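Peer 1: Have a look; sequence and predicted model below, questions after that.
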Amino acid sequence: MSRVVRTLVVSVFSFCLAIPQAFAQQAPSAQDPMAAPVPQKLTKETKKKMRKTLKELDSTYRQWLQEDVTYIISPDERNAFLQLDTNEEREQFIEQFWLRRSSNPDLPDNDFKEEHYRRIAYANEHYASGIPGWKTDRGRMYIMWGPADEVNSHPTGGTYDRPMSEGGGSTTTYPWETWRWRYLEGIGENIELEFVDPSGSGEYHLTMDPGEKDALLHVPGAGLSQLESMGMASKADRFTRSDGMTSPTALGGTPSSMNEFSRLELYAKVNKPPEVKFKDLEAIVTSRIVRDQVHFTWRTDYLKVTNDTVLVPVTVQVPNGQLSFTAKEGIHSATLNIFGRVTTLTGRVVQTFEDPVSRDFPDSLFQQSLKLQSIYQKAVPLRPGLYRLDLVIKDVQSGNVGVVNTRLAVPRYDDEKLEASSLILADQIEHVPAKQIGTGQFVLGSSKVRPRLEGDFTTADKLGVYMQVYNLKSDDKTHKSNATFKYTVKRGAESVMQFNETSAEMKQTGDQVTIERLMPLATLAPGKYTLEINATDTLSNQTISRTADFTVKTAAETKTAANVKPGR
């Protein structure tokens, strides 16, 4: 370890010991991912839990913490993140992490986050040297502080005439660069950093010693400084300096900018995450509450398409009573704009959809329509993984807005075991014409399946049941699968309805079976129920279950849904 590095380590350690205890407080039992982290004094138990959490983190969150934001996350933020218990809390934390750094948190695109990932991409492209560019010193400084205002690059080294502040004289250098920023917030003006590549491998490292780039440093009588060439100093003196540098003694003494404490302070500051001016989170949350004036229900379902693709129908339902209608020529009309966006946890946009939708009712049906629901669906194909789903609904007439931001975990369907899609309870299941297969709202394969989001049915309704079962094993001789399906309706722990059927009875003997049933509810008394479906592959002896809750009401109690059609 060089003298410079040892000096830096001692200084930083001493600085850490001197942190005032007034800033420390006992770690709370539960972290609020929406709040700005505050300094904490961590107990041994807390530190142990944090180390365990780090090992057990999903790879996505571990990469975000240890790679994506490792240079810009503050120690308190890192500690707070590692004390969160659920992925939902971590996603909220990540969202607020970027909002605290955005110049305008109300904009849908976060300028800070976009610039941060642009810098990572630039560093990987320009500073890689056997390791990714973001891991190098130049990459780290570029990601943390952005492009320098001036770069003085010497990629092949060569002859170097030292300035008087470095002792003067001429020598030969290794490849090196100096970066200068006119101003860095929290550090000061005219900030200059030097990088040197003594190995010639292309990996420049940050140095505080201007003499480190001197290729003739250990060659006696070569690359002498002005004082050394005049016999007023010895080259051996460079290795006995108390400040850790190996540059020659300057004529007239060392300038203040080269003072060892000034250099140590600068080195510590540029390696510390940039300061964050925390935004007023209360104002952000309040503005969202004010804007969240349209309340709606939503759900996502998951159906296997291929090994790497899952179809995700996103269904939205809005009470007509919340909409603002205008009357013209006996027709009452309302218009909604629906916007959806699916992004990765790092902010990359994967899918977007945007539709204007309308509802039109004549005078005679208008009052009755206000008791109904309008339903809309968009199916998006996604790869398995963890995403963020943003839904925004705007009533065009009133300007009222409803917003949902949520976690979207798309499952991976394993080829080696029995799998199943979501269990969808629907108020409508019907086959569509051949030309409409796979297209349009609510169309899954060859059927139109309209979910009943609130799960409310009447005794006069039929309960629509839709589910797909995958990876059924085929018999080696008949090349047909053999599966049984058990349907159980429970009220609490009591079974009130049960029946079975086989894949042969359904005339589906391939590796995939689609369940489509309409179950009469006339025999059920009003109340809350659970439907459980157990699918068993008799050839592989595997079973998979899906459950869904629903409520049976009298006909006068329920409000039926009407699907919303894009456009007019």
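Peer 2: Looks like it arrived, so ask away.
Peer 1: Shouldn't Gln115 be within a strand?
Peer 2: Rather than Gln, residue 115 is Glu. No. Counting by DSSP: H, G, I helix; E, B strand; the rest coil, one finds Glu115 to be helix, located in no strand.
Peer 1: Backbone dihedrals for the residue nearest to it when sequence neighbours are not counted, both of them.
Peer 2: Closest residue to Glu115 apart from its sequence neighbours, by C-beta to C-beta, 6 or more residues apart in numbering: Gly146 at 7.7 Å. Yep, even glycine has a C-beta here, placed from its N, CA and C like the rest. Here is the backbone geometry of Gly146 (degrees, to the nearest 10): phi 80, psi 180.
Peer 1: packing partners for the helix or strand harbouring Val392?
Peer 2: Using DSSP states H and E, Val392 sits within strand 385-395. Contact partners of strand 385-395 among helices and strands, from 3 or more C-beta pairs under 8 Å, 6 or more residues apart in numbering; DSSP states H and E: helix 87-99, strand 309-319, strand 331-344, strand 401-410.
Peer 1: Of the ones you listed, flag the one that's most buried.
Peer 2: Greatest average neighbour count among those goes to strand 309-319 (a mean of 21), per mean count of other C-beta atoms under 10 Å.
Peer 1: contacting residues for the residue lying closest to Val443 once chain neighbours are set aside?
Peer 2: Once flanking residues are discounted, Val443 sits nearest to Val432: 5.8 Å by C-beta to C-beta, 6+ apart. Residues in contact with Val432 (C-beta atoms under 8 Å, 6 or more residues apart in numbering) are 440, 443, 446-448.
Peer 1: now swap in Trp145 and tell me
Peer 2: Contacts of Trp145 (C-beta under 8 Å, 6+ apart): 181, 184, 270, 274.
Peer 1: The closest residue in space to Glu275 that isn't next to it in sequence and Glu265, how far apart?
Peer 2: In space, and not counting its chain neighbours, Glu275 is closest to Gly186: 4.6 Å by C-beta to C-beta, 6+ apart. Per C-beta to C-beta, to the nearest Å, Gly186 is found 12 Å from Glu265.
Peer 1: The two - which one has more neighbours?
Peer 2: Comparing Gly186 with Glu265 by neighbour count (other C-beta atoms under 10 Å), the higher total belongs to Glu265, at 15 against 10.
Peer 1: Next, that one: secondary structure please.
Peer 2: At Glu265 the chain is in helix, as set by three-state DSSP.
Peer 1: counting contacts, what elements does whichever strand or helix holds Ser545 pack onto?
Peer 2: Taking DSSP H and E as the criterion, the element that holds Ser545 is strand 542-553. With contacts taken as 3+ C-beta pairs under 8 Å, 6+ apart, strand 542-553 sits against strand 419-420, strand 424-431, strand 456-458, strand 462-470, strand 527-537.
Peer 1: remind me which residues of the stretch 251-400 of the chain are low pLDDT?
Peer 2: Along the stretch 251-400 of the chain, the model assigns pLDDT under 70 to residues 252-257, 276-292.
Peer 1: switch the cut-off to 80
Peer 2: Low-confidence segments of the stretch 251-400 of the chain (pLDDT under 80): 251-262, 275-293, 345-347.
Peer 1: can you check the chain too?
Peer 2: Applying pLDDT under 80 to the chain picks out residues 1-42, 88, 103-109, 240-244, 249-262, 275-293, 345-347, 434-440, 555-568.
Peer 1: rerun that using 50 as the cut-off
Peer 2: 1-30, 278-290, 559-561, 567-568 (pLDDT under 50).
Peer 1: count of neighbours near Lys235?
Peer 2: Applying other C-beta under 10 Å, I find that Lys235 has 18 neighbouring residues.
Peer 1: Could I get the contacting residues of the nearest residue to it once chain neighbours are set aside?
Peer 2: Sequence neighbours aside, Glu228 is the residue nearest to Lys235 in space, at 5.5 Å (criterion: C-beta to C-beta, 6+ apart). Under the criterion of C-beta under 8 Å, 6+ apart, the contact list for Glu228 reads 167, 169, 234-235, 248.
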